[in-house]
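K.L.:
Sequence first, then the predicted structure, then my questions.
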There are 2 protein chains.
Amino acid sequence: MSDIRRRANPLFLREEELRQAIELMFFAYRDFTRDADQVLESYNFGRAHHRVIYFVGREPGMSVKDLLNILSITKQSLSRVLSQLVDEDFIEQRTGSTDRRQRLLYLTAKGQNLEHELSKRQSQRIAEAYRLAGADAVEGFRKVLTGITDEKERFAHINEDSQE
Amino acid sequence: MSDIRRRANPLFLREEELRQAIELMFFAYRDFTRDADQVLESYNFGRAHHRVIYFVGREPGMSVKDLLNILSITKQSLSRVLSQLVDEDFIEQRTGSTDRRQRLLYLTAKGQNLEHELSKRQSQRIAEAYRLAGADAVEGFRKVLTGITDEKERFAHINEDSQE
DNA sequence: ATTTTATGTCAGCACTATTGACATATATGC
DNA sequence: GCATATATGTCAATAGTGCTGACATAAAAT
């Protein structure tokens, strides 16, 4: 029955298609984050901790300011999470050498272990999805997700390489 | 420099590729939900309200149980959100005819308006990303996101029809 | 010397989610 | 009909993440 409607009415198809995309985003993201959530639980951490661990791991020596920009949250929101991670020795802060106001962030060995543990499951999930979908699909996935992302954000995770 | 590493070391490519995917998921989802968040703010609602509005709109007459299953949250979590939506006349509850224990959920006219308002922006964002990426890319996007989603969930938004 | 920036901290509030406990109405199995 | 299971609701306590506002300090920049 929906097939008939679809053939007869391209607007219906379009609506269904977009609706499906919205749901895919919801379910995929939820399941994707669930992997890491389970690991985090055992450390009494949440997603915010994960994001800090992740981004500091990707770019060791980033300043608090950089981190706030990339996370799009306020310093007060970051404060608790970062303090916990520093107190519990997952992250180390070093005073900046050129600008001594800065606290540059680094993962400790403990922090790196956690980073790997968290990434492992998510990477496996993605790798499996990539493998099943094939190379062309992967390219499409990237194109569409990039298109969904605001332009400003698109730089955040591409820039560093291009400076080398 | 990273290009050389990539060519020389397939493992590096793979890691970078997966890392990029993880970040794409993070940024795309964040920007994607930001659209609706802005609308919700003016109603003093949060994302939980959005999800309820969305799923009830997709399947009018669903039971509270169905909704809990699809959202994967507890009834206590849903309680406040649903009560607010009912109190403020966005959602109507009707006693089930076959099972009078059930409270079947429907959007009121007001609820439908909000649903459209919320979906509009997200749909536009997706439609634009689809348009830019092209049909093949869209197919790849769907394949990969479906692969990322847990199998169980893949049924959740397909199943109900098959019971009728 | 003054202003701006990077960072931190305290306090209070909101939203979403959890678990546990208990209650009510209704359906179902025996 | 009675016992049990199910669908729903509610109260209470707790956790995680985010916000704004206010205030403070050190260091850089002008």
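P.N.:
Looks like it came in fine. Predicted, not measured: the structure shown is a model, and the values here were computed from it.

K.L.:
So the closest residue to A:Arg58 other than its chain neighbours: helix, strand or coil?
P.N.:
The shortest distance from A:Arg58 to any non-neighbouring residue, by Cβ to Cβ, 6 or more residues apart in numbering or on different chains, is to B:Arg19 (7.1 Å). Placement of C-beta: from N, CA and C, glycine included. Three-state assignment for B:Arg19 (DSSP: H, G, I helix; E, B strand; the rest coil): helix.

K.L.:
DNA strand D versus B:Arg19, what's the distance?
P.N.:
To DNA strand D, B:Arg19 is 20 Å away according to Cβ to the nearest atom of the strand, to the nearest Å.

K.L.:
what about the strands in chain A?
P.N.:
A:62-63, A:91-95, A:103-107 (DSSP state E).

K.L.:
Just want the most central residue of chain A.
P.N.:
Among the residues of chain A, A:Arg51 comes closest to the average C-alpha position under Cα atoms, centre = their mean, at 6.6 Å.

K.L.:
For that residue, give me its contacts.
P.N.:
Neighbouring residues of A:Arg51 by Cβ atoms under 8 Å, 6 or more residues apart in numbering or on different chains: A:Leu71, B:Phe26.

K.L.:
let's see 10 Å
P.N.:
Residues counted as contacts of A:Arg51 (Cβ atoms under 10 Å, 6 or more residues apart in numbering or on different chains) are A:Ala36, A:Leu67, A:Ile70, A:Leu71, A:Ile73, A:Leu78, A:Val81, B:Phe26.

K.L.:
number of nearby residues for the second one?
P.N.:
Residues contacting A:Leu67 under the criterion other Cβ atoms under 10 Å in any protein chain shown number 20.

K.L.:
so what's it closest to, chain neighbours aside?
P.N.:
Closest residue to A:Leu67 in three dimensions, ignoring its sequence neighbours and counting by Cβ to Cβ, 6+ apart: A:Phe55, at 6.1 Å.

K.L.:
picking up where we left off before, how far away is the residue nearest to the centre of chain A from B:Gln76?
P.N.:
27 Å (Cβ to Cβ, to the nearest Å).

K.L.:
How about A:Leu78?
P.N.:
According to Cβ to Cβ, A:Leu78 stands 29 Å off from B:Gln76.

K.L.:
Between those two, which is the more surrounded one?
P.N.:
Legend: neighbour count by other Cβ under 10 Å for A:Leu78 and B:Gln76, higher for A:Leu78 (17 against 7).

K.L.:
Hmm, the more buried one is touching A:Leu67, no?
P.N.:
Yes: A:Leu78 is in contact with A:Leu67 according to Cβ atoms under 10 Å; the separation is 6.8 Å.

K.L.:
Please identify every residue contacting each of those two.
P.N.:
A:Arg51, A:Val52.

K.L.:
dump the residue contacts of the closest residue to DNA strand C within chain A.
P.N.:
The nearest approach of chain A to DNA strand C comes at A:Lys65, 2.9 Å away (Cβ to the nearest atom of the strand). Shown in contact with A:Lys65 (Cβ under 10 Å, 6+ apart): A:Lys75, A:Arg101, A:Gln102, A:Arg103.

K.L.:
How many neighbouring residues does the residue in chain A that chain B sits nearest to have?
P.N.:
Here chain A gets closest to chain B at one residue, A:Gly140, 2.3 Å apart by Cβ to the nearest Cβ. Using other Cβ under 10 Å, A:Gly140 is surrounded by 24 other residues.

K.L.:
Assess the claim that it and A:Ala133 are in contact.
P.N.:
Yes: with contacts counted by Cβ under 10 Å, A:Gly140 reaches A:Ala133, the gap being 8.7 Å.

K.L.:
any idea where the helices of chain A begin and end?
P.N.:
A:2-8, A:10-42, A:47-58, A:64-71, A:75-87, A:109-133, A:135-148, A:151-156, A:159-162 (DSSP state H).

K.L.:
among those, which is nearest B:Gly111?
P.N.:
When the helices of chain A are compared by Cβ to Cβ, helix A:10-42 sits nearest B:Gly111, at 16.6 Å.

K.L.:
Show me which positions of the closest one end up buried.
P.N.:
Going by neighbour count (16 or more other Cβ atoms under 10 Å in any protein chain shown), the buried part of helix A:10-42 is A:17-19, A:21-33, A:35-36, A:39-40.

K.L.:
Check stretch A:86-95 too.
P.N.:
Buried positions in stretch A:86-95, judged by neighbour count with 16+ other Cβ under 10 Å: A:Val86, A:Glu88, A:Phe90, A:Ile91, A:Glu92.

K.L.:
In those residues, which has the lowest confidence score?
P.N.:
Lowest in pLDDT among the buried residues of stretch A:86-95 is A:Glu88, which has 93.
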